[in-house]
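In: Got a sequence here, can you model it:
(one chain, ligands or ions: 1)
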Amino acid sequence: MEIIGLTGGIGSGKSTVSKYISDKGFKIIDADKISKEIMDNNLTVKENVIKKFGEDILSSDGAIDRKKIADIVFNYVEKLDELNNIIHPEIISNIDIKIDEFKRSGEEKIFLDVPLLFETGLDEKCDEIWVVVANEEKRIERVAKRDNVSAEEVKARMENQLSDQEKIQKGSLVLSNNLEIEDLYKILDILLY
Ligand code: ATP
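Out: Down below sits the predicted model:
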């Protein structure tokens, strides 16, 4: 089974690409979704997160409030490391289980949608890596609009990730998303079939 890693910086358009690929019927392992499931349902992880970050990060219903966590870790890089140390091992073992399931069910090609693909070492599981890139101004504008946050907040989040240049060097294919969405889809059709 071929595993294609899909990555890119904040606002590059990974989720847009991933959704299109999924709508076309390909199987995707979505690391953000797994991370959310783990935060919601894995009690050991939840306990450890509360120990590190305090009860203030809980919402009124007692669940971990991802927005509150994001506000902390995007502003203090050492906190991001602490969160990653708690959650990454769980995410990786969960991804391994899903890869095995897809192998056993006879899939020929699957996608691993992981924003921090290189940072987590998950790139090593991939046969090929597609890096989605877009100009910084476009990314800032798109995320500010999508998340209703300021341009400064988007820039702060960007600073904690590998640069596009580093990702491009490590990837196998670059998908430029400075395009109209329809043109991006046309390129994906060529790559997928
Ligand atoms: P993050 O890492 O923050 O989750 P992402 O890389 O997954 O971001 P998307 O959510 O796919 O990025 O895209 C960011 C925003 O830009 C979304 O609102 C999306 O609809 C929009 N967008 C993506 N590609 C384009 C495009 N080619 N033209 C216009 N808008 C786009």
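In: For this protein, what lies in contact range of the ligand?
Out: Within the chain, the positions adjacent to the ligand are 8, 10-16, 115, 142-143, 146, 177, 179, 181, 184 by CB under 6 Å from any ligand atom. Where C-beta positions appear, they are placed from N, C-alpha and C, glycine not excepted.
In: Looking at neighbours, which among those is most surrounded?
Out: residue 8 (29 neighbours; other CB atoms under 10 Å).
In: where does that one fall, phi/psi-wise?
Out: Per-residue torsions, residue 8: phi 160, psi 160 (degrees, to the nearest 10).
In: Report the two of the residues of the chain next to the ligand separated the most.
Out: Greatest spacing in the residues of the chain next to the ligand, by CB to CB: 115 and 179 (20.5 Å).
In: re earlier: from the residues of the chain next to the ligand, which one has the minimum pLDDT?
Out: Among those, residue 115 has the lowest pLDDT, at 89.
In: Can you measure across stretch 6-13, start residue to end residue?
Out: Start and end residues of stretch 6-13 are separated by 10 Å (CA to CA, to the nearest Å).
In: Identify all contacting residues around that stretch.
Out: The contact list for stretch 6-13, computed with CB atoms under 8 Å, 6 or more residues apart in numbering, reads 14, 17-18, 21, 28, 111-118, 123, 129-134, 138-140, 142-143, 146, 154, 157-158, 161-164, 167, 171, 175, 177, 184.
In: Look up how far residue 90 lies from residue 65.
Out: As judged by CB to CB, to the nearest Å, residue 65 and residue 90 stand 19 Å apart.
In: same thing with residue 19?
Out: Distance, residue 19 to residue 90, by CB to CB: 24 Å.
In: and if you look at residue 158?
Out: With CB to CB as the criterion, residue 158 and residue 90 are 26 Å apart.
In: before we move on, back to that, filter the residues of the chain next to the ligand down to just the ones in strands.
Out: Those of the residues of the chain next to the ligand mapping onto strands are residue 8, per DSSP state E.
In: before we move on, back to that, among the contacts of stretch 6-13, which ones are buried?
Out: Buried by 16 or more other CB atoms under 10 Å: 14, 17-18, 21, 28, 111-118, 123, 129-134, 139-140, 142-143, 154, 157-158, 161-162, 164, 167, 171, 175, 177, 184, out of these.
In: So which of the residues you listed sit within helices?
Out: 14, 17-18, 21, 139-140, 142-143, 154, 157-158, 164, 167, 184 (DSSP state H).
In: Could you identify the least confident member of those?
Out: residue 157 (85).
In: is it true that it touches residue 73?
Out: No - Residue 157 lies out of contact with residue 73 (CB atoms under 8 Å); the separation is 9.4 Å.
In: ok so, going back, possible to save the ones in helices among the buried ones among the contacts of stretch 6-13 as a markdown table with distance to residue 54?
Out: Shown next, in a markdown table, are those (distance: CB to CB, whole Å):
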| residue | distance to residue 54 |
| --- | --- |
| 14 | 31 |
| 17 | 36 |
| 18 | 33 |
| 21 | 39 |
| 139 | 32 |
| 140 | 31 |
| 142 | 33 |
| 143 | 27 |
| 154 | 26 |
| 157 | 22 |
| 158 | 27 |
| 164 | 34 |
| 167 | 33 |
| 184 | 41 |
